[in-house]
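Q: Quick one: sequence and predicted model below, then my questions.
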Amino acid sequence: MAHNHSHHHTHHEHHDVKGRNLLISIFLNLLITVAQVIGGLISGSLALISDALHNFSDVLSLVISYIADRYSKKKASFNKTFGYKRAEIIAAFVNAATLMIVAVYLIFEAIQRFFNPQEIESGLVIWLAFLGIAVNGFSVLLLRKSSKENMNMRSAYLHLLTDMSASVAVLIGGLLMKYYGWYWVDSVLTVLIAIYLIVMGYDLLRNSFRVLMLFTPEDVDLEELRTAISAHPEIKNVHHMHLWQLNEKENHLEAHIDFHRDITLSEFDAILVDVEHILEEDFGINHVNIQPEYQKDDPKDIIVQD
């Protein structure tokens, strides 16, 4: 079999920035958690203590993201030939799942609070909400750029964005409780945030699940891919194809190619260069593993169950 690697590695410096930003976010979220627990105990606000637990779950998710980021940079070895390239996808899947669990829990809590509103010390709640917005807002800005190109960072970013939104809800609720006595507003805002969370979390959960299950990337049509390769005059048939994502940067293709004639190895190498170019330029596939064949008696279907 012939194969090709043409991976697009992110710069080492960018990795360091990601790790540093995650560490800053972890430290800031720990500060908020401690402040909210103390504030909740002083004001008698169950909402603040539950928000502190929510913040602490975000600290854990950020720690998972940080560990995954560190592991993803480890080199491949004899017993780990892909290294830990999937660590960040696993982290994204775990974080997306916890994001949705937290959202369901928030809805449950909000419904209970809606039917049983409690009077709380709104002044302290307002100041702690301001603190939450400031700290989480800063963390969101730190991770925003990385979240666009990496599932793991996107999962951490979503956790923080939720926290910031929750703090905004707590602030609005605190102000309305202080000046109007509308204690039900907090519950309504919490439910709206939780629904948004479920929508965002589901998308991330689904995408990370697809990668972990080795599903074909959604933006690649195998029939179209086969037609593009088969257009080469020397190629008779492309079959027994496997296409999957190792992570967000690497798409892998394995396939058998049937040739019209018994070509030489050097001819095959030249044709492979053409095939790799088509796959990279038109389909974004950067790791190709081709098995050449001539009049071999095997199934010629695109997909063959191994």
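A: Yes, it's here.
Q: As a check, name the ranges of all strands in the stretch 101-250 of the chain.
A: Read by DSSP state E, counting those that start in this stretch, the stretch 101-250 of the chain holds these strands, from start to end of the chain: 235-245.
Q: Low-confidence ranges, it, go.
A: Within the stretch 101-250 of the chain, the segments meeting pLDDT under 70 span 118-121.
Q: So which residues of it form helices?
A: Assigned by DSSP state H, counting those that start in this stretch, the stretch 101-250 of the chain shows helices spanning 122-147, 151-180, 185-212, 222-230.
Q: what's the closest of those helices to residue 52?
A: Of all the helices of the stretch 101-250 of the chain, the one in closest proximity to residue 52, counting by C-beta to C-beta, is helix 122-147 (9.4 Å). (Glycine included, C-beta is placed from N, CA and C.)
Q: Run through the residues that contact residue 39.
A: 45, 48, 124-125, 128 (C-beta atoms under 8 Å, 6 or more residues apart in numbering).
Q: do that again at 7 Å, thanks
A: Remark: with contacts taken as C-beta atoms under 7 Å, 6 or more residues apart in numbering, residue 39 is in contact with 48, 124, 128.
Q: thinking again about what came up before, please identify the most buried of the helices of the stretch 101-250 of the chain.
A: Among the helices of the stretch 101-250 of the chain, ranked by average contacts under mean count of other C-beta atoms under 10 Å, first place goes to helix 151-180 (a mean of 23).
Q: what's the angle from that one to helix 185-212?
A: Using axes from the mean of the first three to the mean of the last three C-alpha atoms, to 10 degrees, the direction of helix 151-180 lies 170 degrees away from that of helix 185-212.
Q: oh, and call the first residue 69 from now on, that's how I've got it
A: Noted, 69 is the first residue going forward, which turns the last one into helix 219-248.
Q: So which elements touch helix 219-248?
A: Identification of packing neighbours for helix 219-248 by 3 or more C-beta pairs under 7 Å, 6 or more residues apart in numbering; DSSP states H and E yields helix 80-111, helix 114-139, helix 155-183, helix 190-215, helix 253-280.
Q: How far away from the center of its chain is that helix?
A: Its chain's average C-alpha position is 20 Å from that of helix 219-248, according to C-alpha atoms, centre = their mean, to the nearest Å.
Q: Stretch 255-265 now?
A: The offset between the C-alpha centroid of stretch 255-265 and the centroid of the whole chain comes to 22 Å, using C-alpha atoms, centre = their mean.
Q: send the alpha carbons of it over as CSV?
A: Output for stretch 255-265, consisting of C-alpha atoms alone and laid out as CSV, is shown next (Å, rounded to 0.1, in the frame of the first residue of the first chain):
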residue,chain,number,x,y,z
SER,A,255,-36.6,31.3,36.7
VAL,A,256,-37.8,32.4,33.2
LEU,A,257,-34.4,33.7,32.2
THR,A,258,-32.7,30.5,33.5
VAL,A,259,-35.0,28.4,31.4
LEU,A,260,-34.3,30.5,28.3
ILE,A,261,-30.5,30.2,28.9
ALA,A,262,-30.8,26.4,29.4
ILE,A,263,-32.7,25.9,26.2
TYR,A,264,-30.0,27.8,24.3
LEU,A,265,-27.4,25.7,26.0
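Q: Can you tell me what sits against it?
A: Residues from elsewhere that reach stretch 255-265 (C-beta under 7 Å, 6+ apart): 167, 171, 174-175, 178, 181-182, 230, 233-234, 237, 240-241.
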